[in-house]
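Engineer: sequence-free structure coming up:
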């Protein structure tokens, strides 16, 4: 019996791309900058996997995602002729990751799921980011699990297994919820149940997974449909 | 400016003594046992500090409080002629720590405090206990911090400092809330703000601290008064 739901956050619960593009424009346009803000968001996010791979591979010790975001921002600024930004502006940009907007179906869907299940992000984001995203979007989590508890990044097994262990649950009593089949495949290989939620516009219209490419236990169009499925 | 409130849990938020005594009776009386259940609760809790001291001193690696509770129960059972209990009954007793009742003022007081502050237990209890206590009592925490994050027990500094760091905050932006002056003195020595809440009946009528014995930033009769003080 499933007792806890673990959530991927970036892409599954929050629309990082639109939020970063909009908020970066709000910060940079008044400073006289003019750039393709969607491309800026994509470029920043593009550094995400390579930077975590240093930690996953063991070449580097565990680093908070807040710090990786900061390093990755420095890496992409020259591509957008932004290398002259002040330290304050760079820090303000980094804080956008703490106030990304949830997809529209998330707050109500999570509220329904919380009535029956323990909910926790199992994200590569650190605790401070997750706390702020939850408050920004009115989501109630029972705990913040994931990379900072495991001191490792998904899809390494430690991220899933340490999260189940923190709740005192067998992996099979936990279901990973994500919009990315790779995340679900890794969770399944650790013995967790899996639920896919479609986010077809994650990287822009028509770019995301409309359905899973791997075998999953549940598949839903959005968090409301997932609540329908899991309530039955 | 204070941005987060850290809560001691056993004694400060929940009435462990009455809950353990009542629930132990519910489990054991039908099996034909007759004992002083308040004394049983006190004896079990009496093993708490000595068992954690093994970890704090470095003589033993970090152990979850769930496991210490289990060991401590085994230690006291002979004193109450309960050494013949089945493994299932002992495990059922250990689970009582997951459903202790909050003091009456806690749910509403915490709800008010949550509107303005990030809230987290900084308890020696592990994440699974804290998640279950919060759900049992309708408390919303933003994260579960404390011993399992620090892998050390209060009042060692790591427990407070790792909690502030997990939220990305300076210690001075965090206030420890507790009914025990020793906890507050340790938090203050780490640079946290401190708030005392009186729990005069923690170990039975007239046994707890009615006011702090150390200098604190705030002192309140209950969580409602603390919300009054911190709202102004």
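Structural biologist: Thanks, I have the structure now. Fair warning: this is a prediction, and the values are worked out from it, not measured in the lab.
Engineer: tell me which strands and helices the host helix or strand of residue A:22 is in contact with?
Structural biologist: Per DSSP states H and E: residue A:22 is located in helix A:16-28. Identification of packing neighbours for helix A:16-28 by 3 or more CB pairs under 8 Å, 6 or more residues apart in numbering or on different chains; DSSP states H and E yields helix A:37-46, helix A:87-94. For every residue, glycine as well, the C-beta is placed using N, CA and C.
Engineer: buried deepest among those, which one?
Structural biologist: Among the helices and strands packed on helix A:16-28, the stretch with the highest mean neighbour count (mean count of other CB atoms under 10 Å in any protein chain shown) is helix A:37-46, at a mean of 19.
Engineer: for that one, give me every contacting residue.
Structural biologist: Contact with helix A:37-46 is made by A:10, A:16-18, A:20-22, A:24-25, A:69, A:72-73, A:76, A:79-80, A:203-204, as judged by CB atoms under 8 Å, 6 or more residues apart in numbering or on different chains.
Engineer: follow-up on the earlier one: the helices and strands packed on helix A:16-28: which one's closest to residue A:130?
Structural biologist: Shortest distance between residue A:130 and the helices and strands packed on helix A:16-28, using CB to CB, is found for helix A:87-94: 15.3 Å.
Engineer: what's the angle from that closest one to helix A:37-46?
Structural biologist: 80 degrees (axes from the mean of the first three to the mean of the last three CA atoms, to 10 degrees).
Engineer: please report phi then psi for the residue sitting furthest away from the middle of chain A.
Structural biologist: Within chain A, residue A:32 marks the point farthest from the mean C-alpha position, 30.8 Å out by CA atoms, centre = their mean. When read as degrees, to the nearest 10, the backbone of residue A:32 gives phi 90, psi 10.
Engineer: out of the contacts of helix A:37-46, which end up buried?
Structural biologist: Taking 16 or more other CB atoms under 10 Å in any protein chain shown as the criterion, what is buried in the contacts of helix A:37-46 is A:10, A:16-18, A:20-21, A:24-25, A:69, A:72-73, A:76, A:80, A:203.
Engineer: just to revisit the earlier point, give me the distance from the helix holding residue A:22 to the chain's centre.
Structural biologist: 17 Å (CA atoms, centre = their mean, to the nearest Å).
Engineer: equivalent analysis for stretch A:6-19, please.
Structural biologist: Distance, centroid of stretch A:6-19 to centroid of chain: 5 Å (CA atoms, centre = their mean).
Engineer: check stretch A:49-60 too.
Structural biologist: The answer for stretch A:49-60 is 17 Å, by CA atoms, centre = their mean.
Engineer: for stretch A:63-78, buried residues please.
Structural biologist: A:63, A:64, A:65, A:66, A:68, A:69, A:70, A:72, A:73, A:76, A:77.
Engineer: quick check, the last one in a helix?
Structural biologist: Yes. With the criterion set as DSSP: H, G, I helix; E, B strand; the rest coil, the secondary structure at residue A:77 is a helix.
Engineer: which element is the closest residue to it other than its chain neighbours on?
Structural biologist: Using CB to CB, 6 or more residues apart in numbering or on different chains and skipping residues adjacent in sequence, the residue nearest residue A:77 is residue A:83, 4.9 Å away. Assigned by DSSP H and E, residue A:83 belongs to no helix or strand.
Engineer: show me the domain layout of chain A.
Structural biologist: A:4-15+A:100-231, A:16-98 (automatic domain parsing).
Engineer: pick the most buried one from these.
Structural biologist: domain A:4-15+A:100-231 (a mean of 21).
Engineer: would you work out how far apart the start and end of that domain are?
Structural biologist: 13 Å (CA to CA, to the nearest Å).
Engineer: starting at the chain centroid, how far to that domain?
Structural biologist: Worked out by CA atoms, centre = their mean, domain A:4-15+A:100-231 lies 8 Å from the chain centre.
Engineer: report the rounded mean pLDDT for that domain.
Structural biologist: Domain A:4-15+A:100-231 comes out with an average pLDDT of 97.
Engineer: now do the same contact list for residue A:16.
Structural biologist: A:10, A:41, A:45, A:97, A:100.
Engineer: for these, which one is nearest chain B?
Structural biologist: residue A:97 (11.6 Å; CB to the nearest CB).
Engineer: so that closest one versus residue A:23, what's the distance?
Structural biologist: Plainly put, residue A:97 is 10 Å away from residue A:23 if you go by CB to CB, to the nearest Å.
Engineer: next one: residue A:111
Structural biologist: Taking CB to CB, one finds residue A:111 at 25 Å from residue A:23.
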